[in-house]
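K.L.:
predicted structure and sequence below. I'll ask about it afterward.
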Amino acid sequence: MSRVAAIDCGTNSIRLLIADASASGAPGPLTDVVREMRVVRLGQGVDATGELAPEALERTFAAARDYARLIEDHGARRVRFAATSATRDARNRQVFVDGIRDLLGVEPEVISGDEEAALSFAGASSVLPVTGEDAILVVDLGGGSTEFVLGDSGGVIAARSVDIGCVRLTERHLRNDPPTAAQIAAAEADVDAAIDLAARTVPFDRATAVVGVAGSITTITAHALGLSEYQPERIHGASLDLVTISDACTSLLEMTRAERAALPYMHPGRADVIGAGALVWRRILARLAEAGNGRIRGAVSSEHDILDGIALSIRDAE
């Protein structure tokens, strides 16, 4: 058994998992020691400017400083830091890389979309195992990008990362509060184009089930379930039909930001972008239902995702 620390730095949030992991190749999931999430909005303005904003970097460095203390306090000896969409897109990403190296003593990896997809599948399938010959599609809906990963019990079959996410589409299209019909239509056109791009690589018609991961999808699930607070144990593994999910997405998209912020399960840093996340998830599921010829009738939500995949990759590198 070894103690590892994984950090996932995305467009909207930075998350830490300190976990105990069995030896490489041994069965069994990770055992959580610490699981933390901070909304730092690292991708603020990146879609428009192509650069990480100074204030966004400062927020991210402050969180990383706190994470460094937690890693030391809990005795994790091996650390992997993975940065995704916003950092991939930024011209000044070296400022970010240098700052994280100074704070944590590890080289942050700006991973490719393909590796992000594979790590998401590994994390989701570690606790919602894929069995038999069924092909499961994992959809990781982030702030700047969305990953589509088709896999079965043998691992990843095909994967594609595309540039649609809740922060990117909010900044690009959904500027009114609530968004206008024209803004929604423009955002949906972007989503459809991205799904078409992903479909060139990922055979959606082979999927027999869909698993959704990351904060937008788990928050939509909390909304669909009508929870009185954010309850990971209720959200993880929840299987909802397409109509229920679509209705929840439409409800969140049509709310004002103040109405979303008042929801008891809404993280304050997600209220302004969850409408775009709901729009993306609604459109993805509608397209998957069309591609699946009636086989896709709903989706399962997972609280375990790329963060768990990063931790497992540390174990498996031994």
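P.N.:
Nice, I can see it. Numbering: from 1, shown residues only.
K.L.:
from the contact counts, what lies against the one helix or strand Glu233 maps to?
P.N.:
Glu233 belongs to helix 232-235 when elements are defined using DSSP states H and E. Judged by 3 or more Cβ pairs under 8 Å, 6 or more residues apart in numbering; DSSP states H and E, helix 232-235 is in contact with helix 215-225. C-beta here means a position set from N, CA and C on the backbone, and glycine is covered the same way.
K.L.:
in the stretch 201-318 of the chain, what spans have low per-residue confidence?
P.N.:
Counting by pLDDT under 70, the ranges of the stretch 201-318 of the chain that qualify are 292-293, 317-318.
K.L.:
where do the strands sit along it?
P.N.:
209-213, 239-241, 298-302 (DSSP state E, counting those that start in this stretch).
K.L.:
got those as a markdown table, with mean neighbour count and distance to Gly144 columns?
P.N.:
Formatted as a markdown table, the strands of the stretch 201-318 of the chain follow (neighbours: other Cβ atoms under 10 Å; distance: least, Cβ to Cβ, whole Å):
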| stretch | mean neighbour count | distance to Gly144 |
| --- | --- | --- |
| strand 209-213 | 25 | 15 |
| strand 239-241 | 15 | 25 |
| strand 298-302 | 23 | 20 |
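K.L.:
can you list the strands that the host helix or strand of Arg160 pairs with?
P.N.:
According to DSSP H and E, Arg160 maps onto strand 155-162. Looking at strand 155-162 with DSSP bridges, its partner strands are strand 146-152 (antiparallel).
K.L.:
quick one: mean pLDDT for the partner strand?
P.N.:
What strand 146-152 shows for mean pLDDT is 93.
K.L.:
including distance to Glu233, could the strands of the stretch 201-318 of the chain go into JSON lines?
P.N.:
Formatted as JSON lines, those follow (distance: least, Cβ to Cβ, whole Å):
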{"stretch": "strand 209-213", "distance to Glu233": "16"}
{"stretch": "strand 239-241", "distance to Glu233": "15"}
{"stretch": "strand 298-302", "distance to Glu233": "12"}
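K.L.:
out of those, nearest to Arg38?
P.N.:
Arg38 lies closest to strand 209-213 among the strands of the stretch 201-318 of the chain, at 18.5 Å (Cβ to Cβ).
K.L.:
ranges for the helices of the stretch 201-318 of the chain?
P.N.:
Using DSSP state H, counting those that start in this stretch, the helices of the stretch 201-318 of the chain run over residues 215-225, 232-235, 242-254, 257-261, 274-291, 306-316.
K.L.:
would you turn the ones you listed into CSV with distance to Leu119?
P.N.:
Converted to CSV, these look like this (distance: least, Cβ to Cβ, whole Å):
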stretch, distance to Leu119
helix 215-225, 16
helix 232-235, 20
helix 242-254, 24
helix 257-261, 29
helix 274-291, 20
helix 306-316, 3
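K.L.:
from Thr84, how far out is the most centrally placed residue in the chain?
P.N.:
Nearest residue to the geometric centre of the chain (Cα atoms, centre = their mean): Ala214, 3.4 Å. Distance of Ala214 to Thr84, given as Cβ to Cβ, to the nearest Å: 11 Å.
K.L.:
over to Ile296?
P.N.:
26 Å.
K.L.:
higher neighbour count, those two?
P.N.:
Looking at Ile296 and Thr84 with other Cβ atoms under 10 Å, you find the greater number of neighbours at Thr84, namely 31 against 22.
K.L.:
ok, now which ones touch that one?
P.N.:
8-11, 110-111, 116, 142, 144-145, 306 (Cβ atoms under 8 Å, 6 or more residues apart in numbering).
K.L.:
again, only using 7 Å
P.N.:
Residues counted as contacts of Thr84 (Cβ atoms under 7 Å, 6 or more residues apart in numbering) are 9-10, 111, 116, 142, 145.
K.L.:
by neighbours, which of those wins?
P.N.:
Gly142 (32 neighbours).
K.L.:
still on that earlier bit, pLDDT on the helix or strand following the strand holding Arg160, on average?
P.N.:
Following strand 155-162 in sequence order, the next helix or strand is helix 166-172 (DSSP H and E). Throughout helix 166-172, pLDDT has a mean value of 95.
K.L.:
tell me what helix 166-172 is packed against?
P.N.:
If you count contacts as 3 or more Cβ pairs under 7 Å, 6 or more residues apart in numbering; DSSP states H and E, helix 166-172 packs onto helix 46-49, helix 274-291.
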